[in-house]
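**Q** Return atomic coordinates for the entry below.
(one chain, ligands or ions: 1)
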Amino acid sequence: MEALDRLLPAGVRNFVCSPIGVVLLGVCAVFTWLGWYPVTRWKYRRVPGPFGLPFLGNLVDFAAGDGTDYLLRCVAKYGSVFKVWFGARPWVIISDPVLMRKLTYRYTARPAAMPEYGHVLTGHNHEVDQAGAFVAAGEVWRRGRRVFEASIIHPANLAGHLPAINRCADGLAARLSRRAAAARAAAGGGGDGAVDMLAEAGAYTMAAVGEVAYGIDFGTVDDDLPQAQGGAQGGGLGARLVAASNACFRYLQIENATVYMPLNLMFPALTPLIRWMAHHLPDAKQKANMAARSAVADASRQLMERWREGKAAAEAAAAAAAAGGEAGADGAGGVTAQVQVGSGKAAAGGKAAAGAAFREVGGGIAGSSFMAAMMEGRRGAKAEERLSDIEVIAQGFTFLLAGFETSAIALSMTSGLLAANPAAQARLAAEVDSVVGDRPLTPELLGQLPYTEAVLQEALRMYPSLPFLMREAREEVDLGGGKVVPKGATLVFHIQSLQTSEQLFPHADRFLPERFLPEGGGALGPADPSAWAPFGMGARMCVGHKLATMIAKAALVRMARRFSFRLAPGQPMPPPMRTGLSRSPVGGMRVVLEERAAA
Ligand code: HEM
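**A** The predicted structure is shown next:
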């Protein structure tokens with residue numbers, strides 16, 4: 001009941017408990033039962049729910065704590081294949097590497113109802129969500145995925161992003177040094193002397209995303225420098241983008257979701273009405289979520305418009321030069337511009353208002369950027385292969401969110417694990433000192449850091465940033481043993497339980513990077529190669545996995561070279577976690593940093 005109190009505001013709770021509410025729920029239950037009758041005949045066990053109403057009960061259980069912990073308990077109790085109700089929709093939970101491999105390769109579509117599992121999106125936010133590579137289906141997905149692949153999968157393009165990532169990693173190290181000094185100074189006044197690695201890593205990953213996607217310095221790694229705070233190069237906008245992106249993920253957690261979300265899950269037949277109500281009568285959480293998503297989408301739109309304006313100015317200049325006139329602009333995309341997150345339009349033309357401009361690197365939105373791949377790809381391509389405007393905005397939105405949150409969680413959890421494991425930390429520092437030292441990272445050097453790579457792999461094993469994958473069964477699927485999944489059902493592959501299973505990873509609760517090295521692989525490595533899948537699997541595997549690894553490794557190298565870490569007093573390890581789409585530590589990851597040179 002306590003969980004129900006947290007989930008529903010008093011008004012809705014009173015309605016649900018009133019005679020009309022009970023009758024309505026009963027009718028809904030009968031219809032749901034009839035609609036999903038084939039599901040009820042599955043021969044495998046399902047998780048029961050309180051009140052004899054599994055489709056309400058399981059939702060309450062999800063909301064009562066961390067959803068991942070709840071499913072881990074279910075896996076322990078019901079085995080590697082079972083079903084659980086998420087509102088009126090059954091989820092088939094699969095925690096078996098062989099089935100996961102088979103099904104993720106066979107099915108590429110995410111569930112049509114997937115957006116409803118996290119929020120109630122309306123208007124433009126709904127359109128952007130549907131067009132983004134993470135959610136889209138069919139041709140829209142293929143077009144979107146292709147531009148990601150062109151920009152961040154092919155080795156030559158990936159290597160082209162490394163100098164920018166190096167700049168951001170150096171910026172992160174300098175920022176951490178300032179933050180650690182400030183924390184130490186504050187500790188004299190009673191602080192714990194720690195920095196929150198989740199927030200710091202978020203500043204870094206947003207900076208890296210800005211550079212790779214647009215060739216723009218969002219200013220997030222140096223937004224605590226006096227010259228960045230109010231000056232023309234202002235980091236304020238990048239910081240606002242971080243805040244908006246954080247909010248987008250926070251509102252995906254069921255306990256932070258709008259009240260329309262559980263209602264929509266319980267009464268899917270009423271979706272059009274519920275969406276209308278969410279749009280016209282939004283509660284505070286709905287308003288805040290929509291505002292955060294609009295802010296990110298708006299930044300993406302403005303960057304697209306700015307690219308166009310820069311391109312048009314460059315072409316006009318080239319034409320004027322060819323005609324013997326004076327060039328008025330400084331090359332492709334080389335105009336300066338303002339991009340105001342959340343309101344207003346991009347304004348090209350060289351004026352930079354205080355605190356309102358992104359700092360450009362290399363003279364405008366970079367030609368090697370993801371933006372270039374999207375926009376240039378449209379020019380020569382056949383009409384059906386070109387991205388529409390809404391798709392460009394949606395892919396930019398996806399890049400900003402996917403690139404920011406997942407890598408930040410991975411880096412912060414890696415820092416926490418290293419802080420709690422001094423031996424692993426010392427071995428990492430020794431490898432970085434001997435292989436890289438203070439040199440800038442190159443693709444060759446990155447390939448010579450097996451222990452650094454293993455540290456990341458092990459951290460992603462214990463704490464995958466996205467703890468589950470989703471697919472829709474496009475036909476009836478026979479799972480064996482009399483378990484048949486009906487067409488249209490949601491398949492949920494539970495990465496977290498696979499990667500923390502004792503059968504698949506001996507001593508699964510221990511941080512042992514050597515299980516990913518030849519020295520430990522036999523005894524400690526995965527019993528099935530598909531059991532390690534933090535980036536997913538099959539055709540919809542994370543398209544950013546190589547970029548993410550590069551971003552994380554670059555940061556780890558700079559951090560290990562410069563600092564030693566220990567957990568802040570009172571920082572629990574493992575920390576309490578919360579799951580929405582991603583799974584992140586509640587209250588961040590507080591770590592005390594000491595300069596190795598000083599030590
Ligand atoms: C440590 C960092 C990251 C982790 C753990 C991670 C994890 C994942 C996972 C588990 C999926 C779902 C895969 C599936 O369903 O099989 C995914 C999809 C995706 N990720 Fe990542 N990701 C990370 C970083 C990034 C970065 C930096 C980008 C940058 C663009 C990115 C872009 C995407 C996109 C676009 C998809 C959707 C792919 C599709 O549906 O075709 N990710 N990611």
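**Q** now residue 86: how far from the ligand?
**A** Counting by Cβ to the nearest ligand atom, to the nearest Å, the separation of residue 86 from the ligand is 17 Å. No exception for glycine: its C-beta is placed from N, CA and C like everyone else's.
**Q** is it true that residue 491 lies in a strand?
**A** Yes: looking at residue 491 with DSSP: H, G, I helix; E, B strand; the rest coil, it is inside a strand.
**Q** So the residue of the chain most remote from its centre: helix, strand or coil?
**A** Here the centre of the chain is the reference, and by Cα atoms, centre = their mean the most remote residue is residue 324, at 49.9 Å. Assigned by three-state DSSP, the conformation of residue 324 is coil.
**Q** mind checking how far residue 115 is from the ligand?
**A** The value you get for residue 115 to the ligand, if Cβ to the nearest ligand atom is used, is 14 Å.
**Q** Look up how far residue 76 lies from that residue.
**A** For residue 115, the distance to residue 76 equals 30 Å [Cβ to Cβ, to the nearest Å].
**Q** Comparing these two, which shows the higher neighbour count?
**A** Legend: neighbour count by other Cβ atoms under 10 Å for residue 115 and residue 76, higher for residue 115 (16 against 11).
**Q** what residues are up against that one?
**A** Residue 115 makes contact with 121, 126, 129, 130, 135, according to Cβ atoms under 8 Å, 6 or more residues apart in numbering.
**Q** Around residue 301, count how many other residues there are.
**A** 22.
**Q** If you could redo that for residue 427, that was the one I meant.
**A** Counted by other Cβ under 10 Å, the residues lying close to residue 427 total 18.
**Q** my read is it is in a strand, agree?
**A** No: looking at residue 427 with three-state DSSP, it is helix, so not inside a strand.
**Q** thought it was touching residue 452?
**A** No: counting by Cβ atoms under 8 Å, residue 427 sits too far from residue 452 to count as a contact (9.7 Å).
**Q** and which of the contacts of residue 115 is nearest the ligand?
**A** residue 135 (7.8 Å; Cβ to the nearest ligand atom).
**Q** so the closest residue to the closest one other than its chain neighbours is in which element?
**A** Of all residues not flanking residue 135 in the chain, residue 129 sits nearest, at 5.6 Å (Cβ to Cβ, 6 or more residues apart in numbering). Secondary structure assignment for residue 129, by DSSP states H and E: helix 123-131.
**Q** Please enumerate residues in contact with that helix?
**A** Contacts for helix 123-131 (Cβ under 8 Å, 6+ apart): 115, 121, 135-136, 140, 144, 275, 279, 290, 293-294, 297, 388, 390-391, 393-395, 397.
**Q** Determine the number of other residues adjacent to residue 417.
**A** Neighbours around residue 417, by other Cβ under 10 Å: 23.
**Q** circling back to that earlier point, kindly give a single PyMOL line that selects the buried subset of the contacts of helix 123-131.
**A** Filtering these down to the buried ones (16 or more other Cβ atoms under 10 Å) takes a single PyMOL command:
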select buried, resi 115+121+135+136+140+144+275+279+290+293+294+297+390+391+393+394+395+397
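**Q** Could you report the distance from the residue farthest from the centre of the chain to the ligand?
**A** 44 Å.
**Q** what's the pLDDT at that residue?
**A** On pLDDT, residue 324 comes in at 75.
**Q** Could you do the one 4 residues further on as well?
**A** You'll see residue 328 listed with a pLDDT of 41.
**Q** same thing with residue 4?
**A** Value for residue 4, per-residue pLDDT: 58.
**Q** For residue 162, grab the count of nearby residues.
**A** The burial count for residue 162: 20, using other Cβ under 10 Å.
**Q** Then residue 519?
**A** Number of residues near residue 519 (other Cβ under 10 Å) recorded here: 12.
**Q** quick one: buried residues of the helix or strand where it lies?
**A** Element membership of residue 519 [criterion: DSSP H and E] is helix 518-524. Buried residues in helix 518-524, counted by 16+ other Cβ under 10 Å: residue 524.
**Q** Then stretch 304-316?
**A** Neighbour count says stretch 304-316 has 304, 305, 306, 307, 309, 310, 311, 313, 314 buried, by 16+ other Cβ under 10 Å.
**Q** Then stretch 422-430?
**A** 424, 425, 427, 428, 429.
**Q** Noted, bye for now.
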